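> I would like to see how this sequence folds:
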Amino acid sequence: MLKYVREGSSRKDGGKTSEAPGRLTNSHRLAAFALMLPVSLFAFVPQSVAAATGERMSGPDAGALAEPLGGALVPWVETPSEAPIVLAQTSAGPQRGEGIEERVSRRFQPEGARSGSFLVFPSIGITGRWDDNIFSTNTNEVDDFVTLVNPALRLQSDWNNHALNFSADAEFARFSDRSREDYQDYNVGFDSRVDVRRSTNITAGAAFGVQHEQRSSPDDVGGLEPTEFAVTSAQVGVFHGFNRVSFGLNGSVSRLDFDDARTAAGANINNDDRDRSEYSASLRIGLEINPTSEAQVVGSYNQTEYDASLDDLGFNRESDGYAIQGGLVLDLTGTVFVDFLVGVFAQSFDDTGLPDVNGSTFQLGVDWNVTTLTTVTAAVSRSVEETTLTGTSGVLRTSAALGIDHELLRNLILSADVSNVIEDFRGIARDDRTFDFRAAAQYLIHPRFVAEFGVNMTTRDSDVAAQDFDRNRYFLRFVGRL
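From the prediction side, this is the model:
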């Protein structure tokens, strides 16, 4: 499902559970899950890892540009092409502004397990996926079947005031034929909120993860194995509201550390010149026009500092920039919700050989509950993205996406998403146009068991002929939760 989420939105899951005679308690369920998980993972770990050979496991997949906390720019990273299954609260009846997926999911919220004043939500997913072009190439396509295991754990506070949440997740991928494309990604982190007053709060969070760069990335160095890198990020924010005015101040820092790659001949490919730190700060001012609409102004500043003063080609890639935007947040009759911003941005690079990137920027998100059974979502945006591609300072990225979710049965959701992304590589003669289509059926069999089947098709048309490709993926996924 395509979902546009407005910054600052949140949803609280969970609720108290009860124990009855003749039933397994939450403690029993948690213990059983804890015993099952290590056994599943041990059976899935390859012999090369068990033998501690030190060989790095990584591999390609369809993904998208991702942003760490605060919106700092990061490279193309590997993300599952199948959207995660999300379950929310248990209660009946539609709620204002709630889409089909959220409402259906509330009926199937897993109970979790209580540990003091926290709720524990463990899960494990297993996906089988066939991919007809794992290297995203325009000739000599290679297909393969990949098995993915996704363990996850979420610890959520259940307090009247304040909040503290922890999360950990991983993805282990094993390819049937191309074992060098195997990878093991993971992320751990926390987020918190301190309620100073009813209209004032302070938020903070931090995360650490190890990811890998996808093969379709323009920054891919073409190593024998995909490039692996670590991301460390932290953010802090303050929100205050009085009368009809609200203020939100946020700051973030991200650290990216890339491993070197190697060629098929064993030669080293240096990636140290890609290591960097990214800083960002933003201020949002909101003015409530009426109970269903708000005007907003957002200003932001970012700075990127590379560890190496010059990259391997002699360029200084450090830069800084700003963006100023204004817009509205609208609730139209409780069925259509609009959040948009328009403005200007500028990104300046220290090296005179790298052209500055500036122009107009915009963000638009629309949620439309067409009927009680169908939700349509749309998103349009433009931003400048970081890149280390030779001769390029940055990528001006314009994207548009449309999605629909339909509740065919009480526990069966059909969804389809389409997106089109245009990327203008500043400094070289290259424009990429990427079209993506995804369709899936999600069957919520039980609060503790969900199945999903779908297809994901991607086509890229580039001014650089060798960068064109078509890629199709079909997947079947099962998720178990406590």
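
> helix/strand/coil for the closest residue to residue 313 other than its chain neighbours?
In this structure, residue 313 finds its nearest non-sequential neighbour in residue 390, 6.1 Å apart by Cβ to Cβ, 6 or more residues apart in numbering. (Each C-beta comes from the backbone N, C-alpha and C, glycine too.) Under the three-state scheme (DSSP: H, G, I helix; E, B strand; the rest coil), residue 390 adopts coil.

> also the one 10 residues further on?
Recorded secondary structure, residue 400: strand (three-state DSSP).

> host element of the residue nearest to it when sequence neighbours are not counted?
Distances taken as Cβ to Cβ, 6+ apart place residue 380 nearest to residue 400, at 4.8 Å, with adjacent residues excluded. Here residue 380, judged by DSSP states H and E, is contained in strand 374-386.

> quick one: strands adjacent to that strand?
As defined by DSSP bridges, the strand partners of strand 374-386 come to strand 357-369 (antiparallel), strand 394-409 (antiparallel).

> give me the buried positions along the helix or strand following the longest one.
What it means is strand 394-409. Scanning forward in sequence from strand 394-409 by DSSP H and E, the next helix or strand is strand 412-425. By 16 or more other Cβ atoms under 10 Å, the buried positions in strand 412-425 come out as 413, 414, 415, 416, 417, 418, 419, 421, 423, 424, 425.

> out of the helices and strands in this protein, which is least certain?
strand 64-65 (a mean of 31; mean pLDDT, DSSP states H and E).

> for the buried residues of strand 412-425, which one is nearest residue 482?
residue 413 (22.0 Å; Cβ to Cβ).

> any idea how far residue 292 is from the closest one?
Note on residue 413: its distance to residue 292, by Cβ to Cβ, to the nearest Å, is 28 Å.

> and residue 392, by the same measure?
In terms of Cβ to Cβ, residue 392 sits 44 Å off from residue 292.

> could you export the strands paired with strand 374-386 as JSON lines, including mean neighbour count and distance to residue 151?
Below are those laid out as JSON lines (neighbours: other Cβ atoms under 10 Å; distance: least, Cβ to Cβ, whole Å):
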{"stretch": "strand 357-369", "mean neighbour count": "18", "distance to residue 151": "31"}
{"stretch": "strand 394-409", "mean neighbour count": "18", "distance to residue 151": "27"}
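
> reformat those as a markdown table; add distance to residue 143 and mean pLDDT.
Shown next, in a markdown table, are the strands paired with strand 374-386 (distance: least, Cβ to Cβ, whole Å; pLDDT from 0 to 100):
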| stretch | distance to residue 143 | mean pLDDT |
| --- | --- | --- |
| strand 357-369 | 36 | 95 |
| strand 394-409 | 27 | 96 |
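
> quick one: closest of the ones you listed to residue 187.
strand 394-409 (23.4 Å).

> what's the distance between the closest one and the middle of its chain?
With Cα atoms, centre = their mean, to the nearest Å as the basis, strand 394-409 stands 14 Å off its chain's centre.

> what's the separation between residue 398 and residue 163?
Counting by Cβ to Cβ, the gap between residue 398 and residue 163 amounts to 36 Å.

> same question for residue 289.
29 Å.

> for residue 372, same thing?
From residue 372 to residue 163 the distance is 31 Å (Cβ to Cβ).

> between these two, who's got more neighbours?
residue 163 (17 against 11; other Cβ atoms under 10 Å).
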